[in-house]
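Peer 1: Next comes the sequence, and after it the predicted model I'd like to discuss.
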Amino acid sequence: MKILLLGEYSNVHATLAEGLRTLGHEVTVVSNGDFWKNYPRDIDVSRKPGKWGGIRLMARLYRLLPCMTGYDIVQLINPMFFELKAERLFFFYNWLRKHNRHVVLGAFGMDYYWVHTCTYHSPLRYSDFNIGKTIRTDADAVKEQADWLGTEKERLNRLIAEDADAIVTALYEYHACYAPVFPHKTTFIPLPIRMSSPHPASPSDKVRLFIGISKNRSTYKGTDIMLRAAEAICQQYPKRVELIKVEGVPFAQYQQMMDGSDVQLDQLYSYTPSMNSLLAMSKGIVVVGGGEPENYDIIAEHELRPIINVTPSYDSVYKALEQLVLHPDRLPELKRQSIEYVRRHHDYLKVARQYEQCYLSL
């Protein structure tokens with residue numbers, strides 16, 4: 001098949017492309033590299049700042065239209081698949097739809113169905129937008145609601161979701177929002193990870209904690225709470241633990257800085273491990289974050305439990321970290337399970353085969 005992957009989140013499309021190419025398909029990735037993370041792509045469509053940056057990007061995309069035609073599959077990472085206002089993207093979506101065979105919408109991140117469902121229906125015990133029945137009011141949550149509810153972004157997302165041939169969800173949370181609305185064309189496929197060689201921790205008596213801080217998203221993702229808990233643990237047990245903090249670095253540098261850690265903290269409000277967490281797990285790093293029962297159920301994993309699941313509170317994170325610091329003998333088995341978990345469910349070739357079957361079914 002000839003496959004076009006548009007947009008990027010956390011290396012999903014770049015990794016999927018590797019798997020699909022290994023299976024013999026012709027794949028082109030067109031993206032902005034996910035901003036400063038600078039993930040690999042075949043055609044760069046990153047945008048320069050300001051109004052002129054938007055004009056230049058529009059001009060480049062018009063010139064690229066002939067290169068985005070004749071594909072068997074066009075997969076969008078998100079309804080906002082280029083760095084343009086939603087009202088500009090209707091034209092590009094309609095053009096892609098007309099000049100290619102099938103369109104697949106990825107439910108991999110922020111969009112209307114995620115915002116609307118979590119805000120008004122609360123199918124999850126907690127999320128980016130609710131804690132129980134209480135709606136979150138932090139600035140980032142309010143901003144996303146304003147961006148996606150009753151706007152052109154909502155209209156674009158609804159159009160694409162209703163029109164696309166298939167919708168692929170990558171986390172249990174997103175599946176819970178899309179599958180009830182589009183039961184006949186929504187498919188869950190795990191995130192793809194290229195297995196890494198485990199990096200042994202540097203010889204040390206200390207448990208090494210690692211936390212990546214997203215620019216301007218700390219409160220929204222819960223990193224602020226996780227960081228406070230980790231710093232408190234370091235203060236309480238200075239001879240037993242050390243903390244590595246990373247913020248706003250390219251992906252290659254991020255990976256290098258993660259190597260040798262024992263524990264990664266990530267995604268306080270998530271039920272499931274993210275791409276960054278899965279990458280860490282593939283290296284034999286234990287993740288403290290999202291590992292709710294629903295995460296294991298959707299992939300039919302009934303044996304392994306490598307993720308230290310925490311609920312969105314300071315006390316939950318602190319107690320989880322304290323147990324690891326006081327009982328480091330638990331780490332070797334959790335590390336072994338982490339590697340096996342990624343190998344069983346997220347290996348990029350296994351995931352690529354699931355995408356291949358989804359595409360062929362169209």
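Peer 2: Happy to help now that I have it.
Peer 1: Specify the residue ranges that define each domain of this protein.
Peer 2: The record's domain parsing of the chain by automatic domain parsing lists 2-192+348-360, 207-345.
Peer 1: Now do the strands in the chain.
Peer 2: Applying DSSP state E to the chain gives strands spanning 2-6, 26-31, 43-44, 73-76, 102-107, 130-131, 134-135, 166-169, 186-188, 207-213, 241-247, 263-265, 286-289, 308-309.
Peer 1: Now render the ones you listed as TSV, adding mean pLDDT.
Peer 2: Shown next, in TSV, are these (pLDDT from 0 to 100):
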stretch	mean pLDDT
strand 2-6	98
strand 26-31	98
strand 43-44	98
strand 73-76	98
strand 102-107	98
strand 130-131	94
strand 134-135	95
strand 166-169	98
strand 186-188	98
strand 207-213	94
strand 241-247	94
strand 263-265	97
strand 286-289	97
strand 308-309	98
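Peer 1: okay if I get these as a markdown table plus mean neighbour count?
Peer 2: Using the backbone N, CA and C atoms, a C-beta is placed for each residue, glycine as well. Below are the strands of the chain laid out as a markdown table (neighbours: other CB atoms under 10 Å):
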| stretch | mean neighbour count |
| --- | --- |
| strand 2-6 | 23 |
| strand 26-31 | 21 |
| strand 43-44 | 13 |
| strand 73-76 | 26 |
| strand 102-107 | 24 |
| strand 130-131 | 18 |
| strand 134-135 | 12 |
| strand 166-169 | 23 |
| strand 186-188 | 19 |
| strand 207-213 | 21 |
| strand 241-247 | 16 |
| strand 263-265 | 26 |
| strand 286-289 | 26 |
| strand 308-309 | 18 |
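Peer 1: Tabulate those (a markdown table), appending distance to Thr15.
Peer 2: Shown next, in a markdown table, are the strands of the chain (distance: least, CB to CB, whole Å):
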| stretch | distance to Thr15 |
| --- | --- |
| strand 2-6 | 10 |
| strand 26-31 | 10 |
| strand 43-44 | 17 |
| strand 73-76 | 13 |
| strand 102-107 | 13 |
| strand 130-131 | 30 |
| strand 134-135 | 34 |
| strand 166-169 | 14 |
| strand 186-188 | 17 |
| strand 207-213 | 18 |
| strand 241-247 | 20 |
| strand 263-265 | 18 |
| strand 286-289 | 18 |
| strand 308-309 | 25 |
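Peer 1: for the ones you listed, which one sits closest to Ala14?
Peer 2: Closest to Ala14 of the strands of the chain is strand 26-31 (CB to CB; 5.9 Å).
Peer 1: Report the angle between the closest one and strand 2-6.
Peer 2: Counting by axes from the mean of the first three to the mean of the last three CA atoms, to 10 degrees, strand 26-31 points 10 degrees away from the direction of strand 2-6.
Peer 1: what helices or strands is strand 26-31 leaning on?
Peer 2: Identification of packing neighbours for strand 26-31 by 3 or more CB pairs under 8 Å, 6 or more residues apart in numbering; DSSP states H and E yields strand 2-6, helix 12-22, strand 43-44.
Peer 1: Against which helices or strands is the second one packed?
Peer 2: Under the contact criterion of 3+ CB pairs under 8 Å, 6+ apart, helix 12-22 touches strand 2-6, strand 26-31, helix 348-360.
Peer 1: now the ones you listed in TSV, with distance to Ala252?
Peer 2: Shown next, in TSV, are the helices and strands packed on helix 12-22 (distance: least, CB to CB, whole Å):
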stretch	distance to Ala252
strand 2-6	20
strand 26-31	16
helix 348-360	17
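Peer 1: Now do Ser204, the pLDDT please.
Peer 2: With respect to pLDDT, Ser204 has a value of 72.
Peer 1: how close does the residue sitting furthest away from the middle of the chain get to Ser204?
Peer 2: Most distant residue from the mean C-alpha position of the chain: Lys239, 34.2 Å away (CA atoms, centre = their mean). Distance of Lys239 to Ser204, given as CB to CB, to the nearest Å: 11 Å.
Peer 1: And Gly248, by the same measure?
Peer 2: Gly248 is 26 Å from Ser204, by CB to CB.
Peer 1: Looking at these two now, which is surrounded by more residues?
Peer 2: Neighbours per residue, other CB atoms under 10 Å: of Gly248 and Ser204, the larger number sits with Gly248, 13 against 10.
Peer 1: Cross-check the contact I'm expecting between the more buried one and Trp36.
Peer 2: Yes - if you go by CB atoms under 8 Å, Gly248 and Trp36 touch, sitting 5.9 Å apart.
Peer 1: Contacts for stretch 311-328, please.
Peer 2: For stretch 311-328, the surrounding residues in contact (CB atoms under 8 Å, 6 or more residues apart in numbering) are 126, 131, 207, 209, 222, 225-226, 228-230, 232-233, 236-237, 240-241, 262-263, 265, 268-269, 286, 288, 308, 310, 330-331.
Peer 1: Check stretch 343-350 too.
Peer 2: By CB under 8 Å, 6+ apart, the residues outside stretch 343-350 that reach it are 15-16, 18-19, 22-23, 190-195, 278, 282, 299, 301, 304.
Peer 1: Kindly recompute the last result at 7 Å.
Peer 2: For stretch 343-350, contacts defined as CB atoms under 7 Å, 6 or more residues apart in numbering pick out 15, 18-19, 22, 190-195, 278, 299, 301.
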